[in-house]
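1. Predicted model follows, preceded by the sequence.
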Amino acid sequence: MEKPKVSVREASASDASRYAEAVAQLIRESAEHHNIHPREVEDIRRWMTEGVAVIALDEEEVVVGFCYYHLWSDRMVTHSALVVRPDVRRRGIGRQMKDVLHGMVERDVPGAVEISRTTCPVVVHMNERIGLEQCPLDQLTSDPAFWRECEHGCKDFQRVNAPGSALGQSNPIGTRCCCTGLIRRC
Ligand SMILES: CC(C)(COP(=O)(O)OP(=O)(O)OC[C@H]1O[C@@H](n2cnc3c(N)ncnc32)[C@H](O)[C@@H]1OP(=O)(O)O)[C@@H](O)C(=O)NCCC(=O)NCCS
């Protein structure tokens with residue numbers, strides 16, 4: 001069977017009302033199997049409207065992928081909520097979305113440092129391919145909001161932070177995190 005053609009592009013304000021719910025559902029379904037946390041429809045609408053999101057659509061204009069960039073303090077930026085619908089994975093859509101997002105970061109936030117925190121080996125691989133290097137977690141942003149996300153967003157948080165746990169590394173707000181940290185060194 002022929003595979004559907006997929007287009008990857010920057011999301012716009014007019015996409016917000018049309019696609020935000022489908023994106024939220026795609027992320028929610030992925031969260032059942034992967035370490036990605038569900039996002040609110042309102043937030044997804046805002047990211048599209050603010051011009052910080054990338055969307056992938058198939059020929060019938062059905063959402064098959066999404067990601068956005070988030071600017072943290074210390075002028076550090078993450079590629080966040082990266083997701084591709086399972087039936088079209090491993091066709092380069094995730095890579096294309098990250099390339100578009102990287103271009104947007106360079107255009108919109110010149111001089112920002114791209115960082116990543118992930119438990120997903122595929123994302124580590126993707127980030128290394130675009131030039132990020134593995135680093136200790138304390139080299140990432142010290143923004144408390146970034147580290148507080150772990151508590152409500154990471155499936156491993158309770159286990160890694162159980163009393164006496166030596167799993168993972170301590171992060172700048174003193175909780176433990178089992179992610180691999182990556183940074184693009186200037
Ligand atoms: C991570 C994800 C977005 C990747 O999307 P994708 O469209 O399948 O990725 P691509 O096809 O662009 O592949 C990118 C690279 O990863 C490799 N890759 C992708 N999936 C892989 C897998 N399951 N096993 C091994 N390698 C894999 C590809 O071979 C490719 O490598 P290359 O650049 O050396 O050729 C997708 O797997 C996904 O949605 N996962 C669930 C949500 C998730 O975990 N998000 C990350 C949260 S941190």
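-> Perfect, I can see it now. Small disclaimer: the values here were computed from a predicted structure and weren't measured.
2. which one is the spatially most central residue of the chain nearest to, not counting chain neighbours?
-> The centroid of the chain falls nearest to residue 80 when counting by C-alpha atoms, centre = their mean (1.9 Å). For residue 80, ignoring the flanking residues on the chain, the nearest one in space by C-beta to C-beta, 6 or more residues apart in numbering is residue 70 at 4.9 Å. The way it works is simple: take the backbone N, C-alpha and C, and place the C-beta from them, glycine included.
3. Given whichever strand or helix holds that neighbour, what are its sheet partners and their directions?
-> Element membership of residue 70 [criterion: DSSP states H and E] is strand 63-72. Under the criterion DSSP bridges, strand 63-72 sits next to strand 53-58 (antiparallel), strand 76-84 (antiparallel) in its sheet.
4. average pLDDT for that strand?
-> Averaging pLDDT along strand 63-72 gives 98.
5. if we can go back for a sec, which of the strands paired with strand 63-72 sits closest to residue 179?
-> Closest approach to residue 179 among these (C-beta to C-beta): strand 76-84, 11.3 Å.
6. Alpha carbons only: can I get the closest one in CSV?
-> What follows is strand 76-84, C-alpha atoms only, in CSV (Å, rounded to 0.1, in the frame of the first residue of the first chain):
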residue,chain,number,x,y,z
MET,A,76,18.2,28.0,26.7
VAL,A,77,15.6,26.4,24.4
THR,A,78,14.1,22.9,24.2
HIS,A,79,12.4,21.1,21.4
SER,A,80,9.3,19.9,23.3
ALA,A,81,6.3,17.6,22.9
LEU,A,82,7.8,15.9,19.9
VAL,A,83,5.4,13.3,18.6
VAL,A,84,4.8,11.4,15.4
